[in-house]
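Chemist: 3D model of this:
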Amino acid sequence: MDNWTKERRKEYREKNRDKARTYQKKYRDSNREKLNTASKKWREDNPEKVKEQTKRRKPRVYIPHPTIRRKYLTSPEQTTKRKSRVTAQTALKKGLLKKQNCSKCGSTETQMHHEDYKKPLDVVWVCRKHHLEIHSRQI
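Modeler: Here you go, the predicted model:
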């Protein structure tokens, strides 16, 4: 392993992904206390990085009770929305959709908005400000 380059190590991991995952899981399970202590120490030593990472996380929709949460997330309407969003994101990554400027103000920081979730690739590109305006009118 001494003469392994970064690229060679990466290539090996990609070829042996399942083997690596089982090894990592086994290691984590047997060294849980050690890893938790190291993680806690790192968070204490790097509060600014922790704060930055916390800001980047997506805010979660809070639904109070597990039963209500399950009904909400598995309802046909939510399932259709989720599938539509995933389809649009995948199309964007594959290059089938091109990111465009805001259709209202021309801003380059845009988000996808679905007028009809049954047409996942039919999206309107709008900035956050106008996206919130659209949804406030729909409520």
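Chemist: In the longest helix along the chain, which residues are buried?
Modeler: Counting residues, the longest helix found in the chain (DSSP state H) is helix 76-94. Buried residues in helix 76-94, counting neighbours by 16 or more other Cβ atoms under 10 Å, are found at 84, 87-88, 91. Where C-beta positions appear, they are placed from N, C-alpha and C, glycine not excepted.
Chemist: ditto for stretch 117-126
Modeler: 117, 120, 123-126.
Chemist: quick revisit: out of the buried residues of helix 76-94, which is nearest to Gln53?
Modeler: Ala88 (26.5 Å; Cβ to Cβ).
Chemist: what sits against the closest one?
Modeler: Counting by Cβ atoms under 8 Å, 6 or more residues apart in numbering, Ala88 touches 97, 112, 114, 120-121, 123.
Chemist: quick one: the helices in this protein?
Modeler: Under DSSP H, the chain gives helices at 6-15, 17-30, 32-45, 47-56, 66-74, 76-94, 128-138.
Chemist: now could you export just the CA positions of the helix or strand of the chain with the lowest mean pLDDT as PDB?
Modeler: Across the helices and strands of the chain, mean confidence by mean pLDDT, DSSP states H and E is lowest for helix 66-74: a mean of 72. Output of helix 66-74 as PDB, limited to C-alpha atoms (Å, rounded to 0.1, in the frame of the first residue of the first chain):
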ATOM      1  CA  PRO A  66     -44.900  10.200  13.300                       C
ATOM      2  CA  THR A  67     -48.300   9.000  12.100                       C
ATOM      3  CA  ILE A  68     -49.100  12.300  10.600                       C
ATOM      4  CA  ARG A  69     -45.600  12.500   9.100                       C
ATOM      5  CA  ARG A  70     -46.000   9.100   7.500                       C
ATOM      6  CA  LYS A  71     -49.400  10.000   6.100                       C
ATOM      7  CA  TYR A  72     -48.000  13.200   4.700                       C
ATOM      8  CA  LEU A  73     -44.800  11.700   3.100                       C
ATOM      9  CA  THR A  74     -46.700   8.700   1.600                       C
END
